[in-house]
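In: sequence first, predicted model second:
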Amino acid sequence: MTESAIEPMQPDPTSAEDVDAVTSAVLTASRLLVRISVRSLASVGERVTLPQFRLLVVLATHRETKLVTLAEDLAVNPSTAMRMVERLVAAGLVSRRTNPASRREVLLRLTESGQQIVAEVTARRREEIAAIVAAIPADHRAGLVDGLRAFTEAGGEPGEPGAGEPVRDTVPLEWD
């Protein structure tokens, strides 16, 4: 066998070492992403907290929804979601109306101001991430895209807000 016919050994993707290496890399990347998220949210001042922003993002994906559905999507109690909604209604970021199909239900949606906050924070976050991605050598980007898509799919996270899929959080955001 010639030297050029020898295939390099690939790491076993099921090995504990490989899983640990990927887990460590993702944890490190998640710290960076949290830092970017916090900085992008700082751009809107003290108008919303991180949990309130997550609620706004969920509403942005639904367009209009019931409180119970919103609470389920955020994995919080309806009473917790209601307290958050009350603050956001008072801030002029969320509106509510009686459901014409069921007068006992209230439908929630973002106001124009709420939509602007989601758009502004998302745009700022996108800019920061784009700057980091631009610093990655081009030959590494395709692998990163494939890996991140597989990671988010395995975790059950949908695409960006407005992609038409409801957001399903598995971690409750009960602090408000």
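Out: Looks like it arrived, so ask away. Numbers count the residues shown, from 1 in each chain.
In: please make it C-alpha for all contacts and neighbour counts, starting now.
Out: OK.
In: go through this protein and flag its longest strand.
Out: As assigned by DSSP state E, the longest strand anywhere in the chain is strand 102-110.
In: relative to the whole chain's centre, how far out is it?
Out: The gap between where strand 102-110 is centred and where its chain is centred comes out at 24 Å by C-alpha atoms, centre = their mean, to the nearest Å.
In: need the next SSE after that strand, C-terminal direction.
Out: Later in the chain than strand 102-110, the nearest helix or strand by DSSP states H and E is helix 112-134.
In: can you show me the CA trace of that following helix as PDB?
Out: Only the C-alpha atoms of helix 112-134 are listed here, as PDB (Å, rounded to 0.1, in the frame of the first residue of the first chain):
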ATOM      1  CA  GLU A 112     -45.000  48.400  16.900                       C
ATOM      2  CA  SER A 113     -42.600  49.400  19.700                       C
ATOM      3  CA  GLY A 114     -42.200  45.800  20.700                       C
ATOM      4  CA  GLN A 115     -41.400  44.800  17.100                       C
ATOM      5  CA  GLN A 116     -38.900  47.600  16.900                       C
ATOM      6  CA  ILE A 117     -37.000  46.300  20.000                       C
ATOM      7  CA  VAL A 118     -36.900  42.800  18.700                       C
ATOM      8  CA  ALA A 119     -35.700  44.000  15.300                       C
ATOM      9  CA  GLU A 120     -33.100  46.400  16.900                       C
ATOM     10  CA  VAL A 121     -31.600  43.800  19.300                       C
ATOM     11  CA  THR A 122     -31.600  41.100  16.700                       C
ATOM     12  CA  ALA A 123     -29.900  43.400  14.100                       C
ATOM     13  CA  ARG A 124     -27.200  44.300  16.700                       C
ATOM     14  CA  ARG A 125     -26.700  40.700  17.600                       C
ATOM     15  CA  ARG A 126     -26.400  39.800  13.900                       C
ATOM     16  CA  GLU A 127     -23.800  42.500  13.300                       C
ATOM     17  CA  GLU A 128     -21.600  41.300  16.200                       C
ATOM     18  CA  ILE A 129     -21.900  37.600  15.100                       C
ATOM     19  CA  ALA A 130     -21.200  38.600  11.400                       C
ATOM     20  CA  ALA A 131     -18.000  40.300  12.500                       C
ATOM     21  CA  ILE A 132     -16.800  37.200  14.300                       C
ATOM     22  CA  VAL A 133     -17.800  34.900  11.400                       C
ATOM     23  CA  ALA A 134     -15.900  37.200   9.000                       C
END
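In: which helices and strands sit right next to it?
Out: If you count contacts as 3 or more C-alpha pairs under 8 Å, 6 or more residues apart in numbering; DSSP states H and E, helix 112-134 packs onto helix 16-42, helix 50-62.
In: can these go into JSON lines with extra columns for mean neighbour count and mean pLDDT?
Out: Listed next are the helices and strands packed on helix 112-134 as JSON lines, based on neighbours: other C-alpha atoms under 10 Å; pLDDT from 0 to 100:
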{"stretch": "helix 16-42", "mean neighbour count": "14", "mean pLDDT": "88"}
{"stretch": "helix 50-62", "mean neighbour count": "21", "mean pLDDT": "91"}
